[in-house]
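A.B. asks: 3D, please:
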Amino acid sequence: MPDNSASDIGAAHMSTARAQRIDEIIRTGIMQGKKFTIQDMKAIQQDDTDIIAREITPSLVQIA
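C.D. replies: Numbers count the residues shown, from 1 in each chain. Just a heads-up that it's a prediction; the model follows:
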């Protein structure tokens, strides 16, 4: 199996950035012992953090 198969939805399809962000929110909450509420689900639905932009912005700023 390919290396990415453990964290992606399949060997030929990568998880979308949106799915990765939702996973990040849920995993962080679980590690903090958070009990998710309806308000938390609403916040996840309205979350607009772009994880790809978050990762590449420092490099782009340096280039500019």
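A.B. asks: which residues touch Ile25?
C.D. replies: Ile44, Asp47 (Cβ atoms under 8 Å, 6 or more residues apart in numbering). To be clear about C-beta, it is placed using only N, CA and C from the backbone, and glycine gets the same treatment.
A.B. asks: tell me the mean pLDDT for the longest helix along the chain?
C.D. replies: Using DSSP state H to define each element, the chain has its longest helix at helix 17-31. Computed over helix 17-31, the mean pLDDT rounds to 95.
A.B. asks: separation between the residue positioned nearest the centre of the chain and Leu60?
C.D. replies: In the chain, the centroid-proximal residue (Cα atoms, centre = their mean) is Arg21; its distance is 1.8 Å. From Arg21 across to Leu60, the span is 19 Å (Cβ to Cβ, to the nearest Å).
A.B. asks: And Met41, by the same measure?
C.D. replies: Distance from Met41 to Leu60, by Cβ to Cβ: 32 Å.
A.B. asks: chain center to the helix or strand where Gln62 lies, what's the gap?
C.D. replies: Assigned by DSSP states H and E, Gln62 falls within helix 51-63. Distance, stretch centre to chain centre, for helix 51-63: 16 Å (Cα atoms, centre = their mean, to the nearest Å).
A.B. asks: packing partners for it?
C.D. replies: Helices and strands touching helix 51-63, by 3 or more Cβ pairs under 8 Å, 6 or more residues apart in numbering; DSSP states H and E, are helix 17-31.
A.B. asks: After the helix it packs on, which helix or strand is next?
C.D. replies: Following helix 17-31 in sequence, per DSSP H and E, is helix 38-46.
A.B. asks: and the angle for that next one with helix 17-31?
C.D. replies: Here the directions of helix 38-46 and helix 17-31 differ by 150 degrees (axes from the mean of the first three to the mean of the last three Cα atoms, to 10 degrees).
A.B. asks: which residues are contacting helix 38-46?
C.D. replies: Ile22, Ile25, Ile26, Gly29, Lys34.
A.B. asks: I am finished for the moment; much appreciated.
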